[in-house]
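Enquirer: Quick one: sequence plus predicted model below, questions after.
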Amino acid sequence: MSSSASVVGLLTIQLFLLFAGFDEVVGQNGTTALPLTLEEEADICQKGGGGLIFPLFTKEYEWNKGLRAFLYFLGMIWSFAGVALFADSFMCAIEVITSKQKVLLVDGDQKFVKVWNPTVANLTLLALGSSAPEILLSLIEISGNKFFSGSLGPSTIVGSAAFNLLVILSICIMAVKEFKKIREVEVYMTTALASVLAYVWLVIILLVSSPDVIRWYEAILTALFFPMLVYLCYLLDAKKYCFKKFADKVDEPHVTEVDDRGRTMTGNRTSQLAAKRMVEESVNRRTGSASSSKRHGSVASSYNGFSDFNEAHPMDESMQATIIEELDEKHKKRGQSRALYMATAIRRIFRGHDGARSEKVKHAQLPTHQTLMDPPIFSFNDHDPGMLTFASPEVAILEGQGNHEGADRSNPILKLEVRREGAGKHCKEIKIHYSTKNGTAVVKKDFIEPPGVLTMGDGEVQGVIEIEIVNDDLWEADEVFYVHLDKVEYVSEEMKNEVTPAIDKIEQVVVTILNDDDVKTTADRVAMILHLNKHKFFLGREEWYTQFNEAVEFPKEGNLAQKIVHVIMLPWKFLDALTPPTTINGALPAFVVSLGLIALATVFIGDLAGLFGCCLGLSPTITAITFVALGTSLPDTFASRSAAINELTGDAAVTNVTGSNSVNVFLGLGLSWSLASIYWESSGPNEEWRLKVPLDIQQKYPDGVFYVESGDLGFGVIVFTVCSIIAFMVLKLQRNLGGELGGPYRYFVGAGFVFMWMMYIILSSLVSEKIIKTSI
């Protein structure tokens, strides 16, 4: 421990001297650092140095270095918060993309399967979401350094991997009391082995095959290991879930002009809006607010089964608590996506809420019966034919719930209101011809074909189309079909030549049949209506203006600290509000914009971290493996802990760490090193390359090569690789005892993991400061 104490003592002396006004910094051997020569490149915090954005002022180098270090540190924390905020939107977009479903016909039966294989999604988009700051930092540093290697990006990737494996897993192990096992052992073992081999591969290319040099084929092979890993894990996972025989693919229905803002939407989207409006209407009835009806039109008949609420028997607090408890149990059994845990952790830290699920359950009342909207107002012209429209563009109904009058069996009756708006009091009797169109719901199997004609008598301005819904005992996913108004004709022969009412506004209704064959309790029904297991309802925001309102609205509640944080975070929140809602174009715009915003905040982190370390006299390696690695991994820490506590197994907590660690190397270093190595071996050396690259490397590679000083990085990789092998051996022992997480020895195991992380930090720092000399 004497060596670690010397490091702490040296840093303390340096910081004291800086605040005292000394511009000279104690050197590594106790002597005063020599002034810069013309041949030497100025450090980022010195005159002539700088990053991509910082320092902002031309004479910032003249400020007191202690003050500058303090300001840069605050700027780093602020930038970490910005990355976390943008990661919230990024993970929401990823969740929407990876949760898309398709319909497959298997032996005549419909099967709803996700477009993305869960394992592939976890290793690609979800791992990218948690590793994006590290990957982008490496790419930005290479580009900003004119394709010369830097220390911040690679060291951050190794330091982040060490923090993920040793600190995050220690927190997860200690967070649960009882043992929790990993269920998908094959995928876990593959990603764990890949995470170790990734760093063994780094040792080989840095120290063995081509010391201090990365050739183009080594870099490209590093990047190619990523799709190879994804494909291998897919094969291991797909053998359990793939269908042996498939018939034709059935595309999800393409619906246009289905809501009052003209957004395209599928059945899932319809049911989500149904739940959303149900909750809004319940709140409005309690508070007397009319804002919802003004914004969406009258909700009273928009959703069959969602429109009316049992105000005579509202849910009391004990019932609400019971429902939330049962919903939590359902979530534990079904499991949640990595995106949900990540976004929830970020919102708890920076937004002050996690989705307010309990509030939504609190206000959700159960449907009882269906009612019609108030009749349309008559036109001043008594003989005006008016205009025909459906009352709502989308309707949702529970398969086993409805008005059973007129039905011989337990099939519910769906009622669709047709309105004759702008008609006169003496408007004549008409026949309205309508038709149904199959979607994922099919006539006879899921609903009974209606007569196809609706009659409105003289002076009538409201009519109801009744459709019988087949209530079977088979579980099916939510299904949709369509009802379309085709044409109108007068009943009387005298009116044959008169102008008939136009069909305008809402010509088609999207009907969603919500399956409720597994609904057994009140909590089941609330979960069905609210779609709590479909995270888009809580994670995605509906409209752009709502995002801006949330960003700039000053919190009325909360303590002083929360209000101060709101003001400090306001610039990041405003930028985050620029991210398109996930409802637009399948969340792809949200994915791209939020990734760009993460890159912007990562540029801030790169510059500020370099300035902070430079002012303190720290090497970039120490700054990267400590401050930067911890800052970029903080949201993942809370997400993993939440997954460890709430999931029945240890898969979500452990496999994300192993997957992210390998992704960091394969993409974070593979992509940036591929760009740099291809650049130098294709363009050849220049004057700056000859000044920076050692003479022996120049003589061996006269046509140019990507030079990477492997000393500090190589040593850190070796130490981490040894620690990771020990960690996985301990996890294996834990599994033999009962499970990777928890257990009676959890605190001992967790403390051991933290100790290994501290040893990695101390040894890497001592080597970086040349206090310990190695032959690497």
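Expert: All right, it came through fine. Numbering: from 1, shown residues only.

Enquirer: isn't there a strand covering Phe591?
Expert: No. Counting by DSSP: H, G, I helix; E, B strand; the rest coil, Phe591 is located in no strand; its state is helix.

Enquirer: That one: neighbour count?
Expert: A count of neighbours around Phe591, defined by other Cβ atoms under 10 Å, yields 24. Bear in mind the C-beta positions are built from the backbone N, C-alpha and C, glycine included.

Enquirer: just checking, it touches Ala93?
Expert: Yes. Counting by Cβ atoms under 8 Å, Phe591 touches Ala93, with 4.1 Å between them.

Enquirer: quick one: Thr721 and Val767, what's the gap?
Expert: Distance, Thr721 to Val767, using Cβ to Cβ, to the nearest Å: 15 Å.

Enquirer: got a list of what the closest residue to Lys177 other than its chain neighbours touches?
Expert: Closest residue to Lys177 apart from its sequence neighbours, by Cβ to Cβ, 6 or more residues apart in numbering: Gly742 at 5.8 Å. Contact analysis of Gly742 by Cβ atoms under 8 Å, 6 or more residues apart in numbering lists Ile173, Val176, Lys177, Glu178, Phe179, Lys180.

Enquirer: who wins for neighbours among those residues?
Expert: Busiest of those [other Cβ under 10 Å] is Ile173, holding 30 neighbours.

Enquirer: what residues are up against that residue?
Expert: Per Cβ under 8 Å, 6+ apart, neighbours of Ile173: Ala644, Gln734, Glu740, Leu741, Gly742, Gly743, Arg746, Val749, Gly750, Phe753.

Enquirer: same deal with Lys700?
Expert: Val213.

Enquirer: In a strand, Thr389, correct?
Expert: Yes. Assessed by three-state DSSP, Thr389 belongs to a strand.

Enquirer: where do the strands sit along the stretch 601-750 of the chain?
Expert: 706-707 (DSSP state E, counting those that start in this stretch).

Enquirer: how about the helices in it?
Expert: 620-623, 629-646, 651-663, 670-683, 687-692, 695-700, 711-737, 746-768 (DSSP state H, counting those that start in this stretch).

Enquirer: Can you check which of those helices gets nearest to Leu236?
Expert: helix 651-663 (12.0 Å; Cβ to Cβ).

Enquirer: okay, the closest one in CSV with CA atoms only?
Expert: The C-alpha coordinates for helix 651-663 follow below in CSV (Å, rounded to 0.1, in the frame of the first residue of the first chain):
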residue,chain,number,x,y,z
ASP,A,651,-29.3,-13.0,-17.0
ALA,A,652,-30.2,-9.3,-17.4
ALA,A,653,-27.6,-8.1,-14.9
VAL,A,654,-24.7,-10.3,-15.9
THR,A,655,-24.9,-10.9,-19.6
ASN,A,656,-25.2,-7.2,-20.3
VAL,A,657,-21.8,-6.7,-18.7
THR,A,658,-20.1,-9.5,-20.6
GLY,A,659,-21.7,-8.4,-23.8
SER,A,660,-20.9,-4.8,-23.4
ASN,A,661,-17.2,-5.5,-22.5
SER,A,662,-16.7,-7.4,-25.7
VAL,A,663,-18.6,-4.9,-27.8
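
Enquirer: which one among the contacts of Ile173 gets closest to Gly144?
Expert: Phe753 (34.5 Å).

Enquirer: so how far is Lys700 from that closest one?
Expert: Phe753 is 41 Å from Lys700, by Cβ to Cβ.

Enquirer: do the same with Val657
Expert: Taking Cβ to Cβ, one finds Val657 at 39 Å from Lys700.

Enquirer: for Leu454, same thing?
Expert: 86 Å.

Enquirer: Check Leu197 too.
Expert: Following Cβ to Cβ, the distance that separates Leu197 from Lys700 is 28 Å.

Enquirer: repeat for Thr58
Expert: Taking Cβ to Cβ, one finds Thr58 at 41 Å from Lys700.

Enquirer: repeat for Ile204
Expert: 18 Å.

Enquirer: Would you confirm that Cys45 contacts Gly617?
Expert: No. In this structure, Cys45 is not within contact of Gly617 by Cβ under 8 Å, at 9.8 Å.

Enquirer: between the two, what contacts are shared?
Expert: Contacts common to Cys45 and Gly617, judged by Cβ under 8 Å, 6+ apart, are absent.

Enquirer: before we move on, back to that, save the contacts of Gly742 as JSON lines, and put in distance to Leu67, pLDDT and secondary structure too.
Expert: Converted to JSON lines, the contacts of Gly742 look like this (distance: Cβ to Cβ, whole Å; pLDDT from 0 to 100; DSSP: H, G, I helix; E, B strand; the rest coil):
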{"residue": "Ile173", "distance to Leu67": "41", "pLDDT": "95", "secondary structure": "helix"}
{"residue": "Val176", "distance to Leu67": "44", "pLDDT": "93", "secondary structure": "coil"}
{"residue": "Lys177", "distance to Leu67": "47", "pLDDT": "91", "secondary structure": "coil"}
{"residue": "Glu178", "distance to Leu67": "51", "pLDDT": "92", "secondary structure": "coil"}
{"residue": "Phe179", "distance to Leu67": "51", "pLDDT": "94", "secondary structure": "coil"}
{"residue": "Lys180", "distance to Leu67": "48", "pLDDT": "93", "secondary structure": "strand"}
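
Enquirer: can you tell me which two in these are farthest apart?
Expert: The span of the contacts of Gly742, defined through Cβ to Cβ, is set by Ile173 and Glu178 at 12.0 Å.

Enquirer: Quick check: which element contains His484?
Expert: According to DSSP states H and E, His484 maps onto strand 479-490.

Enquirer: Who does that strand pair with, and is each partner parallel or antiparallel?
Expert: Pairing partners of strand 479-490, with direction, according to DSSP bridges: strand 430-438 (antiparallel), strand 508-514 (antiparallel).

Enquirer: That one: what's the following helix or strand?
Expert: As assigned by DSSP H and E, the chain's next helix or strand after strand 479-490 is strand 502-503.

Enquirer: residues in contact with that next one?
Expert: In contact with strand 502-503 (Cβ under 8 Å, 6+ apart) are residues Pro385, Met387, Leu388, Thr389, Leu485, Lys487, Val488.

Enquirer: Buried residues, stretch 460-478. List them.
Expert: 461-463, 465-471, 476-478 (16 or more other Cβ atoms under 10 Å).

Enquirer: What mean pLDDT does it get?
Expert: Mean pLDDT, computed over stretch 460-478, is 79.

Enquirer: Can we start the residue count at 47 from this point?
Expert: In the new numbering, first residue 47, that becomes stretch 506-524.

Enquirer: Ends of it, what's the gap?
Expert: Chord length of stretch 506-524, first to last residue, is 35 Å (Cα to Cα, to the nearest Å).

Enquirer: Met541 contacts Lys474, correct?
Expert: Yes. Counting by Cβ under 8 Å, Met541 does reach Lys474; the two are 5.2 Å apart.

Enquirer: out of those two, which sits in the more crowded spot?
Expert: Ranked by neighbour count (other Cβ under 10 Å), Met541 and Lys474 place Lys474 first, with 20 against 15.

Enquirer: So the more buried one lies in a helix, does it not?
Expert: No. Looking at Lys474 with three-state DSSP, it is coil, so not inside a helix.

Enquirer: What pLDDT is listed against it?
Expert: 88.

Enquirer: Over to Arg341?
Expert: At Arg341, pLDDT is 30.

Enquirer: what does Gly432 give?
Expert: Gly432 is given a pLDDT of 87.

Enquirer: and it, how far is that from Val545?
Expert: 11 Å.

Enquirer: is it true that Ala797 touches Leu212?
Expert: No. The criterion here is Cβ under 8 Å, and Ala797 misses it with Leu212 at 11.1 Å.

Enquirer: neighbour count winner among these two?
Expert: Between Ala797 and Leu212, counting by other Cβ under 10 Å, Leu212 is the more crowded of the two (26 against 13).

Enquirer: Enumerate every residue touching that one.
Expert: Counting by Cβ under 8 Å, 6+ apart, Leu212 touches Cys769, Ala773, Phe799, Val800, Met802, Trp803, Tyr806.

Enquirer: okay if I get the contacts of strand 548-549 as TSV plus neighbour count and distance to Leu646?
Expert: Listed next are these as TSV, based on neighbours: other Cβ atoms under 10 Å; distance: Cβ to Cβ, whole Å:
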residue	neighbour count	distance to Leu646
Pro431	22	57
Met433	17	50
Leu434	26	51
Thr435	22	46
Leu531	21	49
Lys533	11	55
Val534	18	56
